[in-house]
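Colleague: Quick one, fold the following:
(2 chains)
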Amino acid sequence: MGEFAYVAPRNVADAVGVLQDHANNGRRAQVLAGGTDLLVQLRGLDKAPRTIVDVKKIEETNRLDIGGDEIYIGAAIPSAILNENQELKSLLPGLIEAADLIGSTQIQGRASLGGNLCNSSPAADTIPAMIADRGICVIAGSGGEREVPVEDFCTGVGTNVMTGDEFLLGLKFPRPPANSGDAYLRFIPRTEMDIAVAGAGVSVTLDGGGTCTAARVGIGAVAPTPLLVADAAAALVGTAVDDDALAAAGAACSTAASPINDKRGTVEYRRKVVAVLCRRAGAIARDRALAA
Amino acid sequence: MSKMHIHTTINGDQVDFLGSPQQSLLDALRDEVGKLGTKEGCGTGDCGACSVIVDGRLVCSCLMLAAEAEGAEITTIEGIADGDGLHPLQEKFLEHAALQCGVCTPGFIVAAKALLDRDPNPDERTIRYWLAGNLCRCTGYDKIVRAVQDAAEQLAHPA
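Modeller: Numbering: from 1, shown residues only, chains lettered A, B, ... in the order given. Next comes the predicted model:
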């Protein structure tokens, strides 16, 4: 049965060592960031003993680096700290809004982008936004570091590409070029603090004349994993991101979706709503790009 | 099961205690430290009754392991008042009858304290958003919001 244990390694090598040791000996280890999902699971569905590996004491999981080409966000940085960083908020407003949508003030003080991603819920709010912003996962393991695009990270409901000796260090985003904007919208049955019925993140870059030169669309809660919708982005590139282009992008999202029926929404409803969210998020991203 | 020796500062006092690796900070505060003012409502981060301030951040103590609090500065409801008197938030909760059964009250007061520490003059919308993670099933929220507004006023202009 084993016992519970808690360790808080101070560096990447020590953390990988603990994870590798557990993986090699058939013992269970689980990585802890803010804990807002993990502690709920510990009390409810999954009480089995394990070693909890708190990665918050590691520099790389807490580093926030806004560079000329690249933005690095440590996996364990709480949403509240991201939201208080005005430079980050002005560069990737859609991503920060997605993080800010999750939970109450109390949750915001703990919950992180890395935790949201590694929990790998299909309805995770930050994942479509990270996909739209071309996020890259920086993963540490016994083989060194590797990088995986966010859209390739989740493999199913609650599962992802990381092996037992790996953990997420942080997320890299290309610094958005001039005239870029992003946005994330989700639909929930009430106004605050609920799980997405559908969500859509959009980023666009415009040229001097307002024509879209690059776009990305990510959708959530409408498939077993969050999805990159290349067809939706293609519908925006070369246009002024006008109503017709946005409608085509929305339709591509409906086509890409493979939702389930559950208490929060039916298949038909989710397909329809994800298109609406894509259109509206696309319009916000466009307006932000025009204002940038 | 092996216990861990955890060193914290709680309400300004150095407090060391033994906790289990999987024990929540909430359970440790109540069962190991004897600070019973912090309440358990849902135990899953939805209701805010267990709110405490850890290193300047408002958190649900049910969603944090005690072991994560190693080296942390923690403020609980017992640390809100200065000396023997009540904090203005506590006085105003009484004046406005912003409580009935009282289980949510420590969480509301700690959360409101964290807000006023950050923003001494919040508008009603800010207060409502900030306190949205604290649930009260007795009074409704109007009296609570008015108590917080009144406390902010008193803190800004002490009589």
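Colleague: Pull out the buried positions in whatever helix or strand A:V274 lives in.
Modeller: Under the criterion of DSSP states H and E, A:V274 resides in helix A:267-291. The neighbour-count check on helix A:267-291 (16 or more other Cβ atoms under 10 Å in any protein chain shown) flags A:270-286, A:288-289 as buried. (C-beta placed from N, C-alpha, C; glycine too.)
Colleague: could you measure A:D182 against chain B, distance?
Modeller: In this structure, A:D182 and chain B are 23 Å apart, going by Cβ to the nearest Cβ, to the nearest Å.
Colleague: swap that for A:A289, please
Modeller: From A:A289 to chain B the distance is 28 Å (Cβ to the nearest Cβ).
Colleague: Got phi/psi on the closest residue to that residue other than its chain neighbours?
Modeller: Nearest residue to A:A289, sequence neighbours excluded (Cβ to Cβ, 6 or more residues apart in numbering or on different chains): A:G181, at 3.6 Å. Per-residue torsions, A:G181: phi -150, psi 150 (degrees, to the nearest 10).
Colleague: mind listing what A:G181 touches?
Modeller: A:93-94, A:203-204, A:284-292 (Cβ atoms under 8 Å, 6 or more residues apart in numbering or on different chains).
Colleague: quick one: contacts for the residue in the stretch 101-250 of chain A positioned nearest to chain B?
Modeller: Nearest residue of the stretch 101-250 of chain A to chain B, counting by Cβ to the nearest Cβ: A:S104, 2.2 Å away. Each residue near A:S104 by Cβ under 8 Å, 6+ apart is listed here: A:193, B:45, B:48, B:132-134.
Colleague: Closest one to A:T51 out of those residues, please.
Modeller: B:G45 (22.6 Å; Cβ to Cβ).
Colleague: So what's the residue count around B:G102?
Modeller: If you count neighbours by other Cβ atoms under 10 Å in any protein chain shown, B:G102 ends up with 11.
Colleague: For it, give its distance to chain A.
Modeller: 19 Å.
Colleague: before we move on, what SS does B:L26 have?
Modeller: Applying DSSP: H, G, I helix; E, B strand; the rest coil to B:L26 yields a three-state assignment of helix.
Colleague: per-domain residue ranges of the chain.
Modeller: Just going to use chain A. A:5-54, A:59-174, A:180-291 (automatic domain parsing).
Colleague: The chain in question should be chain B.
Modeller: Using automatic domain parsing, chain B is parsed into the domains B:4-79, B:88-156.
Colleague: ok now the last one, how far from the chain's centre?
Modeller: In terms of Cα atoms, centre = their mean, to the nearest Å, the centre of domain B:88-156 is found 11 Å from the chain centre.
Colleague: average pLDDT for it?
Modeller: The pLDDT scores in domain B:88-156 average 96.
Colleague: What of the longest one?
Modeller: If you average the pLDDT over domain B:4-79, you get 97.
Colleague: follow-up on the earlier one: from the contact counts, what lies against the helix holding A:V274?
Modeller: If you count contacts as 3 or more Cβ pairs under 8 Å, 6 or more residues apart in numbering or on different chains; DSSP states H and E, helix A:267-291 packs onto helix A:93-100, strand A:180-187, strand A:198-206, strand A:212-220, helix A:243-256.
Colleague: looking at these, which is buried most?
Modeller: When these are scored by mean count of other Cβ atoms under 10 Å in any protein chain shown, the highest mean neighbour count falls to strand A:198-206 (a mean of 30).
Colleague: Does B:Q154 belong to a helix, a strand or coil?
Modeller: Applying three-state DSSP: B:Q154 is helix.
Colleague: Now do the strands in the chain.
Modeller: Defaulting to chain A. Ranges of strands within chain A are A:5-7, A:29-32, A:51-54, A:64-66, A:70-74, A:136-141, A:144-149, A:154-156, A:159-160, A:167-174, A:180-187, A:198-206, A:212-220, A:227-228, based on DSSP state E.
Colleague: Correction: the question concerned chain B.
Modeller: B:4-10, B:13-19, B:51-54, B:57-60, B:73-75.
Colleague: so which of these comes closest to A:P189?
Modeller: The nearest among these, by Cβ to Cβ, is strand B:57-60 at 23.0 Å.
Colleague: Each with direction, which strands does the closest one pair with?
Modeller: strand B:51-54 (antiparallel) (DSSP bridges).
Colleague: List the contacts of residue 9.
Modeller: If you meant another chain, say so; for now it's chain A. Taking Cβ under 8 Å, 6+ apart, one finds A:15, A:17-18, A:53-55, A:57-58 in contact with A:P9.
Colleague: Hmm, no, I was thinking of chain B.
Modeller: B:15, B:72-74.
Colleague: Show me which of those are buried.
Modeller: Buried, going by 16+ other Cβ under 10 Å: B:15, B:72, B:74, out of the contacts of B:T9.
Colleague: What is the nearest of those residues to chain A?
Modeller: B:A72 (11.4 Å).
Colleague: tell me the contacts of A:N119?
Modeller: A:37, A:158.
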